[in-house]
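Student: give me a 3D structure for the following:
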Amino acid sequence: MFSGFPRTMPSFFAELSVHARAERGIGVAELTACRTVFENPANHFIEQFRPVFEALRPSHHGASGAGGSILAPFRCAGGGNTPEYTAPYGHVVFWTGKYPLVSPTLHMVFSGGLGVGAGIQQFDETQGKAYRTALRDGRKADALLGALEKAEAAGCFIEWRSRFFTHSYAGGGLDPGKLADLEGLTVRSRGEEYPDVIFDDRCGSWLVDRLAPLLPLQAWLVATFAD
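Tutor: I've put the predicted structure just below:
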């Protein structure tokens, strides 16, 4: 029975972030604590609510994992020798294809605060062609704008990343004229304060409801790539 995440989870990620930023690395004790504080409850959530996500059309698979400095304390920017700090986080994803993030994906990021999102980070050649073809169809373009507006109303904003410009997080402000330039399409929130329901048995239903406004975008992407 999934009964929420431990109340220590936000402070755990915050302390781990300080620990990693100080270049002390991530050891066995931290990894073990991460399993207790995040991975085990996240897996209980996925298992209990699996029927909800499998009932979506198409069916969604679920998985959890740790990311950022939990896996690699420092990453080098641009493949160079200069360390680039990467904040630790826990990740829960639900996806439709063979692999998460390269197919339309619903995701939740747990760190010092909560982030939720949906979309695909990088189109492959076939996906990019299908996406731009759909944008030239007035009805489909309007449907996409409607889905993005629902996401924004829920606090999830588009990431403006393309081969022509880089603005990793707009924080609001939908610009339809730039949609065709995107190399991937994702919306997300960041740093949401955790409500009390995260820490009790209401958590699972609350998380499902929190993802609900993102389902229209997920459905649009799935349908576009299936055409």
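Student: next up, the contacts around the closest residue to G4 other than its chain neighbours.
Tutor: Of all residues not flanking G4 in the chain, C203 sits nearest, at 3.7 Å (CB to CB, 6 or more residues apart in numbering). (C-beta placed from N, C-alpha, C; glycine too.) C203 makes contact with F2, S3, G4, F5, F45, V197 under the criterion CB atoms under 8 Å, 6 or more residues apart in numbering.
Student: please list only the buried members of those residues.
Tutor: Among those, the ones that count as buried by 16 or more other CB atoms under 10 Å are F2, G4, F5, F45, V197.
Student: which one among these gets closest to G65?
Tutor: Distance to G65, by CB to CB, is smallest for F45 among the buried ones among the contacts of C203, at 13.4 Å.
Student: please identify which helix or strand holds that closest one.
Tutor: Using DSSP states H and E, F45 maps to helix 40-48.
Student: and that helix, what does it pack against?
Tutor: strand 61-67, strand 89-95, helix 203-211 (3 or more CB pairs under 8 Å, 6 or more residues apart in numbering; DSSP states H and E).
Student: what is the least confident helix or strand in the protein?
Tutor: strand 74-76 (a mean of 36; mean pLDDT, DSSP states H and E).
Student: could I get the full set of strands for this protein?
Tutor: Taking DSSP state E as the test, the strands found in the chain are 61-67, 74-76, 83-85, 89-95, 105-110, 114-120, 157-158, 160-161, 166-167, 185-188.
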